[in-house]
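**Q** Provide a 3D model corresponding to the input given below.
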Amino acid sequence: MFSRDEITKKIKDCYWVYDLNCATTNLKILAEQFKFGLSNQAIDAALGMHGAGGYGAQCGLVEGTLMFAGIYGRHLKINDNDIILLCNNYAEKFEMKFKSLQCKDLRPNGFREDDPPHLCESFTCDAICFNSLVIKDFFNIM
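**A** Sure, this is the predicted structure:
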């Protein structure tokens with residue numbers, strides 16, 4: 001498992017070097033952490049998943065994890081019902097820990113026109129650390 005410092009550095013690179021959104025950043029870091037390659041289509045699918053393209057709907061950090069659980073679970077030949085159960089349990093745990101699944105609630109100050117880019121950088125680290133543990137525990141890895 002990556003340390004918090006390693007995750008922080010990877011987030012910085014994704015955000016400030018490559019200007020990726022939170023869903024793509026999360027998906028890429030989870031894939032790297034679990035030594036699993038993603039197709040370009042999976043990465044492309046996360047393009048607008050940062051709160052539904054900034055609309056403020058479901059958080060991209062949740063969406064990226066749900067995507068990863070499905071892709072990785074299928075790779076490990078986990079049955080569909082168990083993957084669906086993981087997604088359900090994960091969403092419940094995320095909401096209990098962070099008090100919402102909605103980007104507009106989780107993002108500091110919600111959404112404003114004058115927000116700087118990558119406002120969720122600190123929260124992204126908290127969420128990816130949490131997401132990694134949920135995936136690790138469910139799939140009994142490492």
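
**Q** would you map the helices across the chain?
**A** Using DSSP state H, the helices assigned to the chain run over residues 4-12, 22-33, 40-45, 51-54, 60-75, 80-98, 103-106, 121-139.

**Q** which residues touch the residue nearest the centre of the chain?
**A** Centroid-nearest residue in the chain: residue 61, 3.2 Å away (criterion: C-alpha atoms, centre = their mean). By C-beta atoms under 8 Å, 6 or more residues apart in numbering, residue 61 lies in contact with 22-23, 26, 106, 120, 123-124, 127-128, 131. For every residue, glycine as well, the C-beta is placed using N, CA and C.

**Q** in CSV, list the residues you listed along with pLDDT and distance to residue 51.
**A** CSV is the format used below for the contacts of residue 61 (pLDDT from 0 to 100; distance: C-beta to C-beta, whole Å):
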residue, pLDDT, distance to residue 51
22, 93, 8
23, 95, 9
26, 96, 13
106, 93, 9
120, 90, 9
123, 96, 12
124, 97, 13
127, 98, 13
128, 98, 16
131, 97, 16
